[in-house]
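**Q** kindly generate the corresponding structure for this input.
(one chain, ligands or ions: 1)
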Amino acid sequence: MDVKCRRLEGKVAVVTASTQGIGLAIAERLGLEGAAAVVSSRKQNVDEAVEGLKAKGITVVGAVCHVSDAQQRKNIIETAVKNFGHIDILVSNAAANPTVNVILEMKEVVLDKLWDINVKASILLIQDAAPHLRAGSSVILISSIAGYNPEQGLTMYGVTKTALFGLTKALAGEMGPDIRVNCIAPGFVPTRFASFFIDNETIRKKLNERTMLKRLGSVEDMAAAAAFLASDDASFITAETIVVAGGVPSRL
Ligand code: NAP
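**A** The predicted model follows:
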């Protein structure tokens, strides 16, 4: 990542689900702009992510955090506070899409998992972080273009991502004026999460064609939007969703 600006000097960022994909790229971008970062995921491979980021000159610590585990959520916040004293940027990035079933055939246990990980865990994490967020802090929720169009294969997952648009607005009202809350809605990005769609050459071509820019998104595209929202360049932006999807239809 070739990053020239240092808008986040002195800030501390916590990013969930950040050992690969969009979360790792966000942690890297925030770090390269000067923030100290806390990276996390469900597994101990968090150590690899930490080493990789340190090698790029980033101040970073890791914590194992399955976002639906209350103790591990507390632990990631405590890790940030113990190492860096406070938090300025919180990126809630974890999500699950355990099935491509239609909603009418979705088992209750799957509905619970989608709600738990994609929506409830974000709320509980923000509750845990709130006492440590300094004035001027920025909370960023990672939603999806599927939140605007919960299409086949992404139906109930998409509905949980729609909920994040509402959550963004509701929390921005509660947490202002000192804290901004915004959301990013990525289009398709080739990551492990999207491999079910992207690995199929025919689907991949269709997804490319659907964008006005005739390409899929990159993790760096998403990270750039997160760094902007986290920075003072976005100091009058709150309760908003930035769609980073190459022009795929979302809203007027
Ligand atoms: P990814 O490359 O598959 O990475 C997922 C990351 O999340 C990994 O670090 C994984 O590590 C961690 N993780 C998974 N479940 C977790 C949990 N319950 N608690 C904590 N960490 C967890 O996925 P991605 O594509 O970057 O997706 C990141 C976010 O972008 C998600 O919110 C997704 O909905 C959103 N998004 C993605 C796309 C896309 O096309 N890729 C499009 C729109 C929105 P472990 O396995 O070690 O836990």
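**Q** distance check, residue 115 against residue 22.
**A** Remark: distance between residue 115 and residue 22 (Cβ to Cβ, to the nearest Å) = 21 Å. The way it works is simple: take the backbone N, C-alpha and C, and place the C-beta from them, glycine included.
**Q** who has more neighbours, the two?
**A** Applying other Cβ atoms under 10 Å to residue 115 and residue 22 shows that residue 22 carries more neighbours, namely 29 against 15.
**Q** contact partners of the helix or strand where residue 31 lies?
**A** Secondary structure assignment for residue 31, by DSSP states H and E: helix 21-32. Helix 21-32 is contacted by residues 1, 3, 8, 11, 13, 15-18, 37, 39, 41, 49, 53, 56-60, 89, 91, 93-94, 142, 186, 189, 191-193, 219-220, 222-224, 226-227, 230 when judged by Cβ atoms under 8 Å, 6 or more residues apart in numbering.
**Q** burial check on whatever residue of the stretch 1-150 of the chain ends up closest to the ligand, number of neighbours?
**A** When scored by Cβ to the nearest ligand atom, the stretch 1-150 of the chain has residue 21 as its residue closest to the ligand, at 2.0 Å. Using other Cβ under 10 Å, residue 21 has 19 other residues around it.
**Q** quick check, pLDDT for it.
**A** We have a pLDDT of 98 for residue 21.
**Q** ok, it to residue 15 distance?
**A** Separation of residue 21 from residue 15 (Cβ to Cβ) stands at 11 Å.
**Q** so who does the residue nearest to the spatial centre of the chain touch?
**A** In the chain, the C-alpha nearest the mean C-alpha coordinate belongs to residue 93, at 2.7 Å (Cα atoms, centre = their mean). Going by Cβ under 8 Å, 6+ apart, residue 93 touches 15, 16, 17, 18, 22, 23, 26, 142.
**Q** name the SS class of residue 47, please.
**A** helix (DSSP: H, G, I helix; E, B strand; the rest coil).
**Q** in strands, which of the contacts of helix 21-32 fall?
**A** Using DSSP state E, the subset of the contacts of helix 21-32 located in strands is 13, 15, 37, 39, 41, 60, 89, 91, 142, 186.
**Q** just flag the most distant two among those.
**A** Largest separation among the ones in strands among the contacts of helix 21-32 by Cβ to Cβ: 60 and 186, giving 22.8 Å.
**Q** phi and psi next, for residue 168.
**A** Residue 168 adopts backbone torsions of phi -60, psi -50, taken as degrees, to the nearest 10.
**Q** and the spatially closest residue to it that is not a sequence neighbour, how many neighbours?
**A** With Cβ to Cβ, 6 or more residues apart in numbering as the criterion, residue 168 has its nearest non-adjacent residue at 4.1 Å, and that residue is residue 183. For residue 183, the count of nearby residues is 27 (other Cβ under 10 Å).
**Q** sorry, back to before: out of the contacts of helix 21-32, which are buried?
**A** 3, 8, 11, 13, 15-18, 37, 39, 41, 49, 53, 58, 60, 89, 91, 93-94, 142, 186, 189, 191, 193, 219-220, 222-224, 226-227, 230 (16 or more other Cβ atoms under 10 Å).
**Q** quick one on the thing from earlier: which residues touch the residue nearest to residue 168?
**A** Contact analysis of residue 183 by Cβ under 8 Å, 6+ apart lists 140, 141, 142, 143, 164, 165, 168, 240, 241, 242.
**Q** which ones are touching the fourth one?
**A** So that's residue 143. Residues in contact with residue 143 (Cβ under 8 Å, 6+ apart) are 161, 162, 164, 165, 168, 183, 184, 185, 186, 241.
**Q** separation between it and residue 22?
**A** Distance, residue 143 to residue 22, using Cβ to Cβ: 12 Å.
**Q** over to the last one?
**A** Computed as Cβ to Cβ, the residue 242 to residue 22 distance reads 13 Å.
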